[in-house]
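**Student:** Could you look at this predicted model? Sequence included:
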Amino acid sequence: MEIKNYIQANESRMLDELFSLIRIPSISAKPEHKDDMTACAQRWVQLLLAAGADEAHVMPSKGNPIVFAQKTVNPEAKTVLVYAHYDVMPAEPLELWKSQPFEPEVRDGRIWARGADDDKGQSFIQVKAFEYLVKNNLLTSNVKFIFEGEEEIGSPSLEAFCEEHKEMLKADVILVSDTSMLGADLPSLTTGLRGLAYWEVEVTGPNRDLHSGHFGGAVANPINTLCKMLAQVVDEKGRITIPHFYDDVEEVPQAEREMIASIPFDEEKYKAAIGVKELFGEQGYSTLERNSCRPSFDICGIWGGYTGEGSKTVLPSKAYAKVSCRLVAHQDHHKISQLFADYIQSIAPQTVQVKVTPMHGGQGYVCPISMPAYQAAEKGFEKAFGKKPLAVRRGGSIPIISTFEQVLGIKTVLMGFGLESNAIHSPNENIPLDIIRKGIEAVVEFYRNFQ
């Protein structure tokens, strides 16, 4: 049976199965939903077995349980490891939802519910494509599944699980549907993710808050000093000034830069949407390159002194800032973390004491567009959406993707079907039914071309 006919014949059942997952409020951020995490994992085991897996289990981790399943068609064949997560974001603010977040509704050709896209809907696409291939004896690759329940809180238990189960998780490629496309009529594959380094900076001046009239002009103000120091991190050309910061930065190949340049992008609309008159960034690069495949530095928060109502003439004892860098492929976040700390200490004047505390970080990731698995995904999108997908690097970070490469030694293809209009993490999350149908078709075509 052709895939379109299979979907049409089984769609009612498929939606019932997806809705059974969505109705479980598997919110990893809230301890009171611990039982829901287990219930959701168990439901996935039932659905994976029904879809054709040889075995499926709920396995313990240091945190929420992990689902593992597999289907072996030929020990000599290539193996695909499908990663997804079954936890979801909290639904608040509830008053902004047009329907109950954990009672899915179909309206205007879309499923509306928390997890409809991120990531229950997208992972369901993977499982239903697998089901079709198994039921119709078309599967030529071995397939493994690993579904975790902590992605929305940073996947704190997954790295240790991977270290412990390297042999079980052996595969030729990892397939993930947890990213987005440029548009429903503009399919795209995510080929890169930026890494992250994050710090808190504390600057201490006098041993207590001082009267700014008695001491102002004679004692260094920690807030003034902190602002001056952080302002030096980026120069007037948008370049980060930390010594050796760019040593490992990958230059994007010209062919990929040309792909980025072909992405439809209206800079005037972009500026209008965020309410700015002019943009700023590293000279020599376009806006889409700056926010996806070049590193950046940002002050995420800064505070100190008196910020209450009215006025208080105080010269504060301390000033604080939270700062971050988005990193690109080959930049090690541990190395960058130390480079930043050393640099800030080197430019700190003797009038203050400076403490830099690393917070967290993750590596960047790049999927080569020459990789056979990427090209199989490309053909899948072309078959389902009627046009070749654009290769797009994204500015955000998914640290677990680089962890897979470091721990398991496996590259990942990010075959995501989300849309900006799907409102993930927000009230009224949704996914178009048509995207689910095309997504299943695209994944089926991936397996046909990945031999």
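**Tutor:** Nice, I can see it.
**Student:** As a check, name the ranges of all helices in the protein.
**Tutor:** With DSSP state H as the criterion, the chain has helices at 3-22, 34-51, 120-135, 158-164, 212-215, 222-231, 254-261, 267-274, 287-290, 333-347, 372-385, 399-408, 433-449.
**Student:** Could you tell me how far the fifth one lies from the centre of the chain?
**Tutor:** Taking C-alpha atoms, centre = their mean, to the nearest Å, one finds helix 212-215 lying 48 Å from the centre of the chain it belongs to.
**Student:** Give me the pLDDT value at residue 250.
**Tutor:** Residue 250 is assigned a predicted lDDT (pLDDT) of 87.
**Student:** what's the answer for the one 5 residues further on, then?
**Tutor:** Confidence at residue 255, expressed as pLDDT, is 83.
**Student:** now swap in the one 3 residues further on and tell me
**Tutor:** Confidence per residue is given as pLDDT, and for residue 258 that number is 89.
**Student:** same thing with residue 417?
**Tutor:** 98.
**Student:** which residues touch it?
**Tutor:** 122, 125, 177, 180-181, 435-436, 438-439, 442 (C-beta atoms under 8 Å, 6 or more residues apart in numbering). All C-beta atoms are positioned from the backbone trio N, CA, C, and that covers glycine.
**Student:** which one of these sits closest to residue 208?
**Tutor:** The closest of these to residue 208 turns out to be residue 180 (C-beta to C-beta; 50.3 Å).
**Student:** So the closest one versus residue 259, what's the distance?
**Tutor:** Per C-beta to C-beta, to the nearest Å, residue 180 is found 17 Å from residue 259.
**Student:** if you count what's nearby, which of the two comes out ahead?
**Tutor:** A count of neighbours by other C-beta atoms under 10 Å puts residue 180 above the other of residue 180 and residue 259, at 22 against 18.
**Student:** I figured that one was touching residue 415, is that so?
**Tutor:** No - the pair residue 180 / residue 415 is not scored as a contact, 11.2 Å apart, by C-beta atoms under 8 Å.
**Student:** coming back round to it: same list (the helices of the chain) but as CSV, adding distance to residue 81.
**Tutor:** CSV is the format used below for those (distance: least, C-beta to C-beta, whole Å):
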stretch, distance to residue 81
helix 3-22, 21
helix 34-51, 14
helix 120-135, 11
helix 158-164, 10
helix 212-215, 61
helix 222-231, 42
helix 254-261, 26
helix 267-274, 37
helix 287-290, 30
helix 333-347, 24
helix 372-385, 11
helix 399-408, 8
helix 433-449, 13
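**Student:** what mean pLDDT does stretch 421-431 have?
**Tutor:** Stretch 421-431 comes out at a mean pLDDT of 96.
**Student:** That one: which residues count as buried?
**Tutor:** 422-424, 427-431 (16 or more other C-beta atoms under 10 Å).
**Student:** With stretch 258-276 instead?
**Tutor:** Applying 16+ other C-beta under 10 Å to stretch 258-276 flags 259-260 as buried.
**Student:** Can I get that stretch in CSV? Just the C-alpha atoms.
**Tutor:** Output of stretch 258-276 as CSV, limited to C-alpha atoms (Å, rounded to 0.1, in the frame of the first residue of the first chain):
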residue,chain,number,x,y,z
GLU,A,258,25.5,30.7,-1.0
MET,A,259,22.7,28.4,0.3
ILE,A,260,22.2,30.8,3.2
ALA,A,261,22.1,33.7,0.8
SER,A,262,19.3,32.0,-1.1
ILE,A,263,17.0,31.9,1.9
PRO,A,264,14.2,34.3,1.5
PHE,A,265,14.8,37.1,4.1
ASP,A,266,13.3,40.6,4.3
GLU,A,267,15.6,42.6,6.5
GLU,A,268,13.2,45.5,6.7
LYS,A,269,10.4,43.2,8.0
TYR,A,270,12.9,41.6,10.4
LYS,A,271,13.8,45.0,11.9
ALA,A,272,10.1,46.1,12.0
ALA,A,273,9.1,42.9,13.8
ILE,A,274,11.5,43.5,16.7
GLY,A,275,11.2,47.3,16.7
VAL,A,276,14.7,48.4,15.8
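**Student:** Can you tell me which residue is spatially central in the chain?
**Tutor:** Ranked by distance to the mean C-alpha position of the chain (C-alpha atoms, centre = their mean), the top residue is residue 398 at 3.6 Å.
**Student:** Identify the residue nearest that one in space, chain neighbours excluded?
**Tutor:** Leaving aside its sequence neighbours, residue 398 sits nearest to residue 193 (C-beta to C-beta, 6 or more residues apart in numbering; 5.4 Å).
**Student:** For burial, what's the neighbour tally of that neighbour?
**Tutor:** Neighbour count of residue 193, defined by other C-beta under 10 Å: 28.
**Student:** hmm, back to that, looking at the helices of the chain, which one is packed in the most?
**Tutor:** When the helices of the chain are scored by mean count of other C-beta atoms under 10 Å, the highest mean neighbour count falls to helix 120-135 (a mean of 25).
**Student:** okay, how far is it across stretch 294-312, tip to tip?
**Tutor:** By C-alpha to C-alpha, to the nearest Å, the extent of stretch 294-312 from end to end equals 42 Å.
**Student:** tell me which residues in it are buried?
**Tutor:** 294-297, 299, 304-305.
**Student:** quick one: contacts of it?
**Tutor:** So stretch 294-312 is contacted by 194, 198, 203, 209, 222-223, 226-227, 230, 233-234, 240, 245-246, 249, 281-282, 285, 290, 314, 316, 318-328, 331 (C-beta under 8 Å, 6+ apart).
**Student:** Give me the subset of these lying in strands.
**Tutor:** Of the positions in these, 198, 203, 314, 318-327 sit in strands, assigned by DSSP state E.
**Student:** For the residues you listed, give me CSV that also has pLDDT and neighbour count.
**Tutor:** Shown next, in CSV, are the ones in strands among the contacts of stretch 294-312 (pLDDT from 0 to 100; neighbours: other C-beta atoms under 10 Å):
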residue, pLDDT, neighbour count
198, 94, 18
203, 98, 29
314, 95, 16
318, 98, 20
319, 98, 24
320, 98, 17
321, 98, 20
322, 97, 16
323, 98, 21
324, 96, 20
325, 97, 26
326, 94, 21
327, 95, 25
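**Student:** Understood, closing this out.
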